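[1] here is my input, please return the structure:
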Amino acid sequence: MTRTALIFTSLATLASAQWSNLWPADAPGAKPLPAGTETLSDKGRFKDIEVPQFQVYLPEKGHSTGAAAVIFPGGAYSVLAADHEGHAYAKWLTQRGIAGIVVKYRVSGNPAFGYQFPVPFLDARRAIRTVRAKAGEWGIDPNKIGVMGSSAGGHLASLCATRFADTFPEEGKDLIDQQNCRPDFAILLYPVISMNATLSHPGSRKNLLGGDPSQESVDRYSTANAVSKETPPTFLLSTSDDMVDCRNSLEFATACKANGVPVSLHLFEKGGHGYGLNGKGDLAIWPTFLEQWLATKFPAK
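    Numbers count the residues shown, from 1 in each chain. The predicted model follows:
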């Protein structure tokens, strides 16, 4: 393929990436925010989401593996780092034949907006169901739809991978809600897993569960506790110097092992937090490990 053709294909792929609403009317679980509340920083961070939405990035048809990843950017359930933990992942995936669907789920650092649990989870589940409902239209295999999340987005992805059988009265209102919301694989990058005060990221815990959550909520939404034999194959990445304690990832990996769930765990000595695809030093190689893991499950055509 010529360079001109490659550029045209890239532009055509990006042109398909436009925001679409997740829900047909007002999103359930919280009152809509006034127009103009949502902001977008020059670093690509969304704050105080008004309307939950998604963007679709599709690979070139002849290069597609049929797989798709529903992507949840991180940001402590307060903001969404949609550029380097959303759009960058989606573009990277499409280059490897995998569709990337970036989700702008509802988050806010203002508790008065009512975006605590289950609001982000409702949006995440809806996103998975939407991809399944649109699979034929987008050239996606409905049995190859996974989740990918970083930091708090990793916690949200891990909720999807473990608590998919949960039910909520806000759901079931249309045909999309009838779709299965269990993901077929999970990619958890420097994820928050635990909601226990001694291990959890304080901001993520507070924004999701409130300032004084019950022990029942803490235990229920510490997702390592919810791993079962039905949890999908999982890829985990962390560093030992991460501000989100790497034991979050270790606990999830241990639970996967105990339940016979295939798990690939990568723990680096240094790298910090929030690096996306741009790890430094030894960590710079980590996307290669993910590429190899995906290739074993979804071989290129």
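
[2] what's the longest helix in the protein?
    helix 119-133 (DSSP state H).

[3] how about Pro213, what does it touch?
    Pro213 is in contact with Met195, Arg205, counting by Cβ atoms under 8 Å, 6 or more residues apart in numbering. No exception for glycine: its C-beta is placed from N, CA and C like everyone else's.

[4] residues in contact with stretch 130-148: which ones?
    22, 54, 56, 58, 61, 64-72, 89, 99-101, 124, 128, 157, 160-161, 175-176, 179-180, 183-187, 189, 232, 298.

[5] try 7 Å this time
    Contact with stretch 130-148 is made by 22, 54, 56, 58, 61, 64, 66-72, 89, 99, 101, 128, 157, 160-161, 176, 179-180, 183-187, 232, 298, as judged by Cβ atoms under 7 Å, 6 or more residues apart in numbering.

[6] in strands, which of these appear?
    Among the contacts of stretch 130-148, the members falling in strands (DSSP state E) are Phe54, Val56, Ala68, Ala69, Val70, Ile71, Phe72, Ala99, Ile101, Ala186, Ile187.

[7] check those residues and tell me the two furthest apart.
    Using Cβ to Cβ, those span at most 19.7 Å, a distance reached by Val56 and Ala186.

[8] so between those two, which is more surrounded?
    Neighbour totals were compared for Val56 and Ala186, and Ala186 leads with 27 against 22 (other Cβ atoms under 10 Å).

[9] for the more buried one, give me the pLDDT.
    The model reports Ala186 with a pLDDT of 99.

[10] what about it, distance to Phe72?
    11 Å (Cβ to Cβ, to the nearest Å).

[11] am I right that Ala255 falls within a helix?
    Yes - counting by DSSP: H, G, I helix; E, B strand; the rest coil, Ala255 is located in a helix.

[12] if we can go back for a sec, now render the ones in strands among the contacts of stretch 130-148 as CSV, adding distance to Asp245.
    Formatted as CSV, the ones in strands among the contacts of stretch 130-148 follow (distance: Cβ to Cβ, whole Å):
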residue, distance to Asp245
Phe54, 30
Val56, 34
Ala68, 31
Ala69, 25
Val70, 26
Ile71, 23
Phe72, 20
Ala99, 32
Ile101, 29
Ala186, 19
Ile187, 19
